[in-house]
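Colleague: What follows is a predicted structure for the sequence shown.
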Amino acid sequence: MSSTPTSDMEAQIPSDGYVADSSASRSSPSRRNPPKRKISISEEADLRSTGRFMPPSAVRCVVETPFRVVNPTTKNVVNEATGWAMDAAARGPLNQAGSFIGTSILRLAMTEAFKNGTGRVYGFRPGSLLTMASVITGLVCAFTMPLVGAIVDHTRFRKQVGFFTALVVCIITGVQCIIGPSTWFAVLILEIVGGYTLIAHMTASMAYLPDLTEVEEELHHYTSRFNITQYCFQACFVGFITGLSQAVKTGVPAVDTITNARIASGTACGLSTIYLGYAWTFLFRKRPPLSKVPEGDNLVTTGFKQIGKTAKLIFSKYRALKWFMIALLWSPEAGAGVVLSIAVTFLVVEIRLTNIQIGVINLTLLAGTIPGSMFAKWVMKKINPLWSFRIALFYMACCVALTSSVLTGPDRQNWSYLFAFLWGLAYGWVYPCQRVMQCTLIPKNQNNEMMGFFSFCAQILGWLPALLFSIMNEKGVNMRWGVGLIAFFLLLAIFFTFFIGSYDAAIAQVARENDEAAGTVVSIMNEKGVNMRWGVGLIAFFLLLAIFFTFFIGSYDAAIAQVARENDEADMIGTYGENFQDEEASGSDTKGVDADGELEGDAPAESAR
């Protein structure tokens, strides 16, 4: 084991917890980037680490180097950033293996449906099986993710959740090597369980993302690099599986389909076990509980109560975050692999692509994600993440609409490769923007709570497109219309983003959520580059505004008289005066008390209140 420190940040970061932005001396600072940056939670975790529980330096160099992402400001490598890149890359083969296995499941189901003469298996058309599996996974996630989020937030087992869910997914993927004519349905059940476990794993890994940095530009850099690393790793995996499957090809479609799925599941299991195991053993750090479970509650009730509490907070206080959450309900990431299941079903059943052709399609799509991620980083810098997200969603909706319009049957197979590349550009563009917005719109000290709510929003309605696709397929509607549903949901997501308002204003609110109104306006003007003298002049404006409204008060004496006689009529004043004189003359000690012993005048006053 190596005993060397994990980084040299301790020598470079002052004890006050802030470091100067090294880019400040070279260029003007960003309008949303402060001149000093606070040490992130992940950087602090590296500083506190002794480095004793780490593999030898040679092993670290070989395993970690392809996944290391240098912080653009400090020029350091953060271990958890390396772990996040490694985790994202290792999830790639798991997703791609699901694509190959799903293709095999569809072909085996179609064969069985043809043999039994009904055109159905287990009561469904073969084309509805993958999408119905996504519906089941999505519904289970919607009801159980609050519990997973509660474990991540309210216990010290965040790292353990990430480790054991990764282990379970890898085991399930390996067991799926048993796929065959008599076992395909059991493999479909495993696919549902594996999909659920992978989403639970992402809940744990997403909780670490806001900890990497609090600087927006650094987050742009991280998310884009994570995407590029993930897609490059996936591309290598798909290329290897496609090449190996071609090499052992027998010419018998049924045999080649099963062989391809077995090679993919075995290889994905091995690669993902190595990299996920390494990342969650050596790179991710433990975290203390974000907060304790409230007295009288347990993890189950706390998770659902926290969802309700977070939703209430967001909907009452954070307008931009509220509408972004609503937009996420219809985003391409919503649901448990919904877009993937619909696309694979369409290409296999309607366009009649083979497993190897699906592999080439995946490879082409992944080739498009790399320039898409680079383009996303450029657009976010030129405009902002919100507009970049909108444009990317619109571009993706256009790609989906064109796909469903042009791919009308097996005679149009060659067009599939062009559209795969265009879809890849869209995926590479959308996800970095979405990740950046997720992190920058979250209020300070509520990262874990909000990330759990993000995961919940991604699943609560994510099953709906797959369900509608399945219903349409069962009714005999052409699958092209089912694919077109994706474009409709993307346009719906775009529509809701226009209620977010200004992205800069939303960032300003998060940064100054407890500021007074005048101070908030001044800060916004400062963010926009307006001279600070105008901001100071705003104070005089608000003072003059206060003077203006005082003229509506009227006469001060009249106001005092109105308060003194708030609910009294002129004749009642005379009556109370006469009663008071009678009681004073008789020397009664019960003055002002009625027969029930209550103080007179209280009831009318209470009613007035």
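Modeller: Ah, there it is.
Colleague: Show me which positions of stretch 480-497 end up buried.
Modeller: 480, 482-487, 489-494, 496-497 (16 or more other CB atoms under 10 Å). From N, CA and C alone the C-beta is placed, and that goes for glycine too.
Colleague: May I have stretch 369-380 as PDB, with CA atoms only?
Modeller: What follows is stretch 369-380 as a C-alpha-only set of coordinates in PDB (Å, rounded to 0.1, in the frame of the first residue of the first chain):
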ATOM      1  CA  THR A 369     -21.800  12.100 -28.300                       C
ATOM      2  CA  ILE A 370     -18.200  13.200 -28.100                       C
ATOM      3  CA  PRO A 371     -18.500  16.300 -30.400                       C
ATOM      4  CA  GLY A 372     -21.900  16.800 -28.800                       C
ATOM      5  CA  SER A 373     -20.300  17.100 -25.300                       C
ATOM      6  CA  MET A 374     -17.600  19.500 -26.600                       C
ATOM      7  CA  PHE A 375     -20.300  21.600 -28.300                       C
ATOM      8  CA  ALA A 376     -22.300  21.700 -25.100                       C
ATOM      9  CA  LYS A 377     -19.400  23.100 -23.200                       C
ATOM     10  CA  TRP A 378     -18.900  25.800 -25.800                       C
ATOM     11  CA  VAL A 379     -22.500  26.800 -26.000                       C
ATOM     12  CA  MET A 380     -22.900  27.000 -22.200                       C
END
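Colleague: related to what we said a few turns ago, I'd like to know which of the buried residues of stretch 480-497 is nearest to residue 138.
Modeller: Set against residue 138, the nearest of those by CB to CB is residue 489 (13.4 Å).
Colleague: for that closest one, helix, strand, or coil?
Modeller: Per DSSP: H, G, I helix; E, B strand; the rest coil, the secondary structure class of residue 489 is helix.
Colleague: Make sure it is actually in contact with residue 463.
Modeller: No - the criterion here is CB atoms under 8 Å, and residue 489 misses it with residue 463 at 12.0 Å.
Colleague: And for residue 89, the neighbour number?
Modeller: The number of residues packed around residue 89, counting by other CB atoms under 10 Å, is 26.
Colleague: Which pLDDT value does the model give it?
Modeller: As predicted, residue 89 sits at a pLDDT of 93.
Colleague: now the helices for the stretch 101-250 of the chain?
Modeller: Secondary structure of the stretch 101-250 of the chain (DSSP state H, counting those that start in this stretch): helices at 129-154, 158-175, 184-206, 216-247.
Colleague: Go through the shortest one and flag the buried ones.
Modeller: So that's helix 158-175. Of the residues in helix 158-175, 158-159, 161-170, 172-174 count as buried by neighbour count, 16+ other CB under 10 Å.
Colleague: Now do that helix: everything it contacts.
Modeller: Residues lying outside helix 158-175 but in contact with it, judged by CB atoms under 8 Å, 6 or more residues apart in numbering, are 87, 90, 94, 97, 148, 151-152, 190, 193-194, 197-198, 200-201, 203-205, 207-208, 265-266, 268-270, 272-273, 276-277, 280-281, 284-287.
Colleague: Of those residues, just the buried ones, PyMOL syntax please.
Modeller: Here is the PyMOL command that picks out the buried ones among the contacts of helix 158-175, judged by 16+ other CB under 10 Å:
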select buried, resi 87+90+94+97+148+151+152+190+194+197+198+200+201+203+204+205+207+208+265+266+268+269+272+273+276+280+284+285+287
